[in-house]
Every structure is written in C-alpha cells, then in structure tokens.
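>>> build me a model from this:
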Amino acid sequence: MKKISWLAASLIVTAMSTSVLSTTGYAATESAGDFSLNDHNGNSHQLSRYRHKDALVLVSQSNTCPIPPYASAQLQTLRHKWEDKGVAFMMLNGAGDDASAIKMKAMAQRMDLPILVDASQIVTKTLKLSKSGEFVVLDPEDFSILYRGPFDPKLESSLDNVVGGVAQETITIPATGCDLRMLDAST
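Just a heads-up that it's a prediction; the model follows:
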C-alpha cells in the first residue's frame with residue numbers, strides 16, 4: 001500500500017510541476033496568411049512584398065492609448081539594431097481609429113514608421129492582437145507568426161532565430177497595456 005501511495009504522490013507532484021503556468025507559451029507555428037493594408041499616408045503594404053526581408057515586426061498602436069515613452073524607446077533601439085540585418089518595422093492600428101486621425105497623431109508624436117490602418121480589424125483579429133504596444137514578428141516568406149507579446153528578450157531571440165535561419169514554433173507571451181477597442185461584430 002505504501003508503494004502505491006508513494007507512486008500516486010509522485011505522479012501528482014510530477015503532474016503539478018509540469019502544469020505550473022508559465023508566462024511564455026510555445027505552440028506549433030501559427031500562420032497569418034498574406035494580407036494587404038494601406039498605411040496612414042495611403043501607401044499600400046502587402047506582407048508578401050516583404051519576402052526579401054527576413055522578418056516583419058508589427059507593433060500594435062492606438063490613438064487613445066499611446067505606446068509609453070519607454071516602449072517607444074525600446075522600439076527605436078530594436079529597429080536600429082535589426083533593420084540593417086533584414087528586419088522591417090511597422091505599426092498596426094487595429095483600434096478602429098480613422099486614418100486622418102492616425103496621421104495627425106503620428107505627426108504630433110514624430111513617428112516615422114508606417115502605421116498600417118486596419119479599420120475592419122481583420123488583420124488585428126487574425127494576429128490575435130489585443131493590447132496597444134503588442135509586438136508580432138512575422139516571416140514574410142511563409143506568413144508564419146514567430147512571436148506575439150510585449151517587448152521581451154524572447155522577441156530578440158525570435159529575431160536571432162529568423163535571421164539565422166533557425167526554425168522555431170510561435171512564442172506567445174501575454175501582453176500588458178491598454179486594451180484595443182474592438183468593433184462590434186454587427187458593424
């Protein structure tokens with residue numbers, strides 16, 4: 001009986017230790033599919049047109065919840081480090097903001113990145129973006145999502161992998177920050 005109790009206890013401990021929630025999730029590589037959106041200046045951007053790049057980093061943006069200054073600084077640092085290594089950077093407004101309002105906000109904040117306007121929120125929902133300042137790393141060759149979450153060391157690890165040609169599963173880390181305003185499904 002003691003052997004059975006000890007075995008049961010060790011199985012329970014093992015199950016509990018492997019089920020401890022982690023802030024990082026790894027999943028089979030997700031796919032975004034090809035998409036095309038205009039930016040706040042009216043220029044068209046299609047994911048497949050960036051196939052000459054190793055990765056495309058999108059950062060969700062909202063006029064009602066600006067990216068905090070520290071996150072903006074982190075984005076600029078990331079951009080300066082990786083842009084010359086074949087990584088493109090853009091922002092994505094999937095908060096339902098009007099293109100002219102996005103353009104005014106970009107000028108006021110001196111943002112020099114293209115801000116893709118996802119008025120229908122189709123791309124935002126496909127990428128499962130929910131917070132302002134959330135990062136997504138896409139592989140424009142096969143449309144896979146390599147990373148989704150906040151600015152985190154695993155973001156740079158994903159960029160290291162993609163630039164180095166190392167395959168990886170999708171890394172998902174819960175994002176923090178302001179919720180993106182999602183449009184009513186009936187509109």
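>>> chain neighbours aside, what residue packs nearest to the residue sitting nearest the centre point of the chain?
Note on the chain: the residue nearest the mean C-alpha position is residue 136, at 1.8 Å, using CA atoms, centre = their mean. Leaving out its chain neighbours, the residue that sits closest to residue 136 by CB to CB, 6 or more residues apart in numbering is residue 58, at 4.7 Å. C-betas here are computed from N, CA, C, even on glycine.
>>> residue 120 now?
residue 183 (8.0 Å).
>>> who are the contact partners of residue 89?
With contact set as CB atoms under 8 Å, 6 or more residues apart in numbering, residue 89 has these partners: 56, 57, 59, 75, 78, 79, 82, 83, 113.
>>> okay, who's weakest in the residues you listed by pLDDT?
Among the contacts of residue 89, residue 75 has the lowest pLDDT, at 87.
>>> just the helices in this structure please.
Assigned by DSSP state H, the chain shows helices spanning 2-18, 69-82, 99-108, 122-126, 153-164.
>>> the residue nearest to residue 120 contacts residue 96, correct?
Yes: using CB atoms under 8 Å, residue 183 is in contact with residue 96, at 5.3 Å.
>>> so which of those two has more stuff around it?
Higher neighbour count among residue 183 and residue 96: residue 96, with 20 against 15, using other CB atoms under 10 Å.
>>> look up how far residue 166 lies from that one.
Per CB to CB, to the nearest Å, residue 96 is found 37 Å from residue 166.
>>> rewinding a little: of the contacts of residue 89, just the buried ones, PyMOL syntax please.
A single PyMOL command selects the buried members of the contacts of residue 89 (16 or more other CB atoms under 10 Å):
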select buried, resi 56+57+59+75+78+79+82+113
